[in-house]
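*Asks:* I'll drop the sequence and a predicted model, then ask my questions.
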Amino acid sequence: MKIEDLTVVLRPRNPWEAVELGMALTRRHLGAVLRPWLALTLPVFVLLNVVFAWLDAAWLAAVAMWWLKPVFDRVPMFVLSRAVFGQAPGTAATLRAQWRWGMRWMPGYLTWRRPSPWRAMNLPVDLLEGGSGAEARTRRGALVAPLYGVGALVTSVFSMFEMIGMFGLMTVALLFVPQEAAEEVTVRAWNVALQQPLWLQLVFNVLGWAVVTFLEPFYIGAGFGLYLNRRTQIECWDIEMVLRRLRARLTQVAAPALLLVASGLALLAGPVPAAQAAPKANPNREQPTLQEVFGKQAVRDEGWEQAVKRAYEDPKVRPRQVVTRWVPRNPDEPAKLKEGSDWKWLATLFALVGEYGLWAVLGLLVLALLWTSPRWVRWMRDTASREGRELTPVTVEAAAPLEPLPHDVPATAMRLWREGHQRDALALVYRASVEDMARLANVVLVPGATEAHTLRASRKLPRAEDRDVFARTVRTWQYAAYAHGLPSTQDFEALLRALVQAFGWPRAGLDRAVAEGAA
């Protein structure tokens with residue numbers, strides 16, 4: 001590593017300035033980071049979604065992509081670690097490096113280190129310095145330990161931005177909904193979110209991947225900026241760079257000039273007698289300065305002077321601190337309350353309250369408990385024996401099983417609808433369709449299953465038209481139960497005829513009920 005090739009200005013920064021430095025470096029080389037990032041993460045994202053969608057668990061694809069973040073984070077780390085020295089790698093070189101570069105650290109980063117909030121700061125230490133075992137742990141302790149609080153806060157901030165980005169992208173469509181239709185659209189969107197169809201899970205996965213693609217390189221850049229700043233503070237990179245530049249300038253200018261002058265003088269003067277070659281030293285003559293030897297232009301360097309000035313201003317070099325504190329004028333004479341003072345009674349009162357007041361309060365509490373004991377003792381006794389009591393008639397009635405379904409569900413539901421009990425009719429149709437769906441799909445629903453659970457179970461129905469009819473029934477029931485929106489009589493009749501065809505319900509009773517209503 002040649003620090004003289006660094007493309008950033010090195011100086012000791014506070015942690016938040018270092019975070020901004022890393023994010024600015026990411027912005028400068030964002031194209032070089034995103035191209036290999038997309039080439040690596042997009043095929044993995046598509047493959048995981050196809051596999052888990054086939055297994056009917058598309059949400060696991062999002063979990064797997066989140067878990068594989070340390071593997072993908074090697075891409076921005078590889079690019080930034082080279083670009084900071086003015087050698088940004090190409091897309092092909094970055095992708096070729098991912099097969100081996102840093103892979104020996106990935107088992108740890110995918111297991112016990114995966115929940116670590118300091119991943120962005122630990123990655124450059126492990127991937128760039130190549131330590132192992134106790135050496136790597138010591139190095140992480142020296143570089144990362146003083147910034148644990150900052151690293152955890154940076155991780156939490158980026159996590160919150162990921163959640164904000166997800167919710168923002170999910171709700172941006174509502175901005176284009178007219179005001180008069182906003183309530184109805186919101187209710188339908190909520191019902192769709194509860195059902196969680198496959199296409200909606202895939203949309204959530206795509207939005208999550210897009211947000212991570214935009215934010216994750218900046219998160220790694222922030223950790224890389226903290227890493228550069230810590231190495232600058234510990235190893236004094238800024239001073240070392242000035243010294244190297246000064247050495248290079250002196251080597252290129254002063255040394256050849258002196259050699260040329262010495263050779264010319266030797267050729268012109270010829271051999272010199274020993275008596276003349278060693279002149280007597282003048283005790284009053286001062287020693288020559290560096291400017292006289294190398295020339296003013298060769299030695300003077302404003303960058304060097306600035307670095308030396310900043311180094312001496314560093315409080316770690318000259319730890320001086322001005323402390324101001326108040327002290328009494330007569331420290332040997334402690335302040336005493338004068339006899340006969342007007343405030344002596346107040347001090348005595350506070351002393352008595354502090355000494356006996358708490359005991360008085362405790363005594364009052366005990367008296368209050370004894371005074372009210374007939375009430376709370378009886379209540380505690382009743383509570384302890386309540387478990388052994390028999391169920392009251394109300395409890396028994398509430399726990400009673402549901403009434404059996406009628407033999408002719410369509411006719412009964414149509415009769416209830418004509419009599420003005422539309423909600424009861426829809427409840428009957430929904431309950432009957434759920435039971436027949438479970439029978440045809442050969443599934444067992446748990447007690448208290450929600451509409452979303454029944455919809456997921458209906459995916460096992462053999463025919464697609466039956467699944468569509470059942471989903472239509474669930475949506476009609478949800479719209480009536482939660483949004484107080486009832487279908488028209490024609491829509492209800494059409495729904496019953498579709499259910500008759502799907503589940504084999506009796507048709508004759510429905511025709512008679514419809515005819516009676518028309519008459």
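*Replies:* That came in fine, so what should we check first? Numbering: from 1, shown residues only.
*Asks:* which other helices and strands contact the longest helix belonging to the chain?
*Replies:* Taking DSSP state H as the assignment, the helix of the chain that covers the most residues is helix 198-235. Under the contact definition 3 or more CB pairs under 8 Å, 6 or more residues apart in numbering; DSSP states H and E, helix 198-235 sits against helix 15-28, helix 30-54, helix 59-67, helix 69-83, helix 119-129, helix 133-144, helix 148-171. Every residue, glycine included, has its C-beta placed from N, CA and C.
*Asks:* Could you pull up the mean pLDDT of it?
*Replies:* Model confidence over helix 198-235, given as mean pLDDT, is 88.
*Asks:* before we move on, the earlier item: can I get the helices and strands packed on helix 198-235 in TSV with mean neighbour count?
*Replies:* Written out in TSV, the entries for the helices and strands packed on helix 198-235 read as follows (neighbours: other CB atoms under 10 Å):
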stretch	mean neighbour count
helix 15-28	19
helix 30-54	17
helix 59-67	17
helix 69-83	22
helix 119-129	22
helix 133-144	14
helix 148-171	15
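*Asks:* Compare the mean pLDDT across those helices and name the weakest.
*Replies:* Of all these, the minimum mean pLDDT falls on helix 133-144 (a mean of 80).
*Asks:* hang on, the earlier thing: how about JSON lines for the helices and strands packed on helix 198-235, with distance to residue 345 added?
*Replies:* As requested, the helices and strands packed on helix 198-235 are exported to JSON lines (distance: least, CB to CB, whole Å):
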{"stretch": "helix 15-28", "distance to residue 345": "55"}
{"stretch": "helix 30-54", "distance to residue 345": "75"}
{"stretch": "helix 59-67", "distance to residue 345": "69"}
{"stretch": "helix 69-83", "distance to residue 345": "70"}
{"stretch": "helix 119-129", "distance to residue 345": "62"}
{"stretch": "helix 133-144", "distance to residue 345": "60"}
{"stretch": "helix 148-171", "distance to residue 345": "50"}
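*Asks:* Tell me which of the ones you listed lies nearest to residue 506.
*Replies:* Each of the helices and strands packed on helix 198-235 was scored for nearness to residue 506 using CB to CB, and the closest is helix 30-54 (39.1 Å).
*Asks:* and the angle for the longest helix of the chain with helix 15-28?
*Replies:* Regarding helix 198-235 and helix 15-28, their directions subtend 120 degrees when assessed with axes from the mean of the first three to the mean of the last three CA atoms, to 10 degrees.
*Asks:* Select, out of the helices and strands packed on helix 198-235, the one closest to residue 230.
*Replies:* Nearest to residue 230, of all the helices and strands packed on helix 198-235, is helix 133-144, at 4.7 Å by CB to CB.
*Asks:* now the closest one, how far from the centre of its chain.
*Replies:* Remark: helix 133-144 is offset 25 Å from the chain centroid, using CA atoms, centre = their mean, to the nearest Å.
*Asks:* again, but for stretch 360-375
*Replies:* Taking CA atoms, centre = their mean, one finds stretch 360-375 lying 52 Å from the centre of the chain it belongs to.
*Asks:* Tell me which of the helices and strands packed on helix 198-235 lies nearest to residue 356.
*Replies:* helix 148-171 (45.7 Å).
*Asks:* Any idea which of the helices and strands packed on helix 198-235 gets closest to residue 206?
*Replies:* For residue 206, the closest of the helices and strands packed on helix 198-235 is helix 30-54, at 8.3 Å, according to CB to CB.
*Asks:* May I see the buried residues of the longest helix of the chain?
*Replies:* Within helix 198-235, the residues scored as buried using 16 or more other CB atoms under 10 Å are 201-202, 204-205, 207-209, 211-213, 216-233.
*Asks:* picking up where we left off before, what's the closest of the helices and strands packed on helix 198-235 to residue 302?
*Replies:* Proximity of these to residue 302 was assessed by CB to CB; the nearest stretch is helix 15-28, lying at 22.9 Å.
*Asks:* Measure how that closest one sits relative to helix 119-129, angle-wise.
*Replies:* If you take the same axes, to 10 degrees, helix 15-28 sits at 70 degrees to helix 119-129.
*Asks:* quick one: contacts of helix 15-28?
*Replies:* With contact meaning CB atoms under 8 Å, 6 or more residues apart in numbering, helix 15-28 is reached by 8, 13, 33, 76, 80, 83-84, 147, 150, 154, 217-218, 220-226, 228-230.
*Asks:* Same question for stretch 40-57.
*Replies:* Here stretch 40-57 has contacts from 58-61, 64-65, 68, 72, 75, 95, 98, 198, 201-202, 205, 209, 213, 459, using CB under 8 Å, 6+ apart.
*Asks:* Please save the CA atoms from that stretch in PDB.
*Replies:* What follows is the C-alpha trace of stretch 40-57 in PDB, where atoms were taken according to Å, rounded to 0.1, in the frame of the first residue of the first chain:
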ATOM      1  CA  LEU A  40     -23.800 -10.200  -8.700                       C
ATOM      2  CA  THR A  41     -27.000  -9.600  -6.700                       C
ATOM      3  CA  LEU A  42     -29.600  -9.600  -9.500                       C
ATOM      4  CA  PRO A  43     -29.100 -13.300 -10.600                       C
ATOM      5  CA  VAL A  44     -29.000 -14.500  -7.000                       C
ATOM      6  CA  PHE A  45     -32.200 -12.500  -6.200                       C
ATOM      7  CA  VAL A  46     -34.100 -13.900  -9.200                       C
ATOM      8  CA  LEU A  47     -32.900 -17.500  -8.400                       C
ATOM      9  CA  LEU A  48     -34.000 -17.300  -4.700                       C
ATOM     10  CA  ASN A  49     -37.400 -15.900  -5.600                       C
ATOM     11  CA  VAL A  50     -38.000 -18.600  -8.200                       C
ATOM     12  CA  VAL A  51     -37.100 -21.300  -5.800                       C
ATOM     13  CA  PHE A  52     -39.000 -20.100  -2.700                       C
ATOM     14  CA  ALA A  53     -42.000 -19.100  -4.800                       C
ATOM     15  CA  TRP A  54     -42.100 -22.700  -6.100                       C
ATOM     16  CA  LEU A  55     -42.000 -23.800  -2.400                       C
ATOM     17  CA  ASP A  56     -44.900 -21.400  -1.600                       C
ATOM     18  CA  ALA A  57     -42.700 -19.300   0.700                       C
END
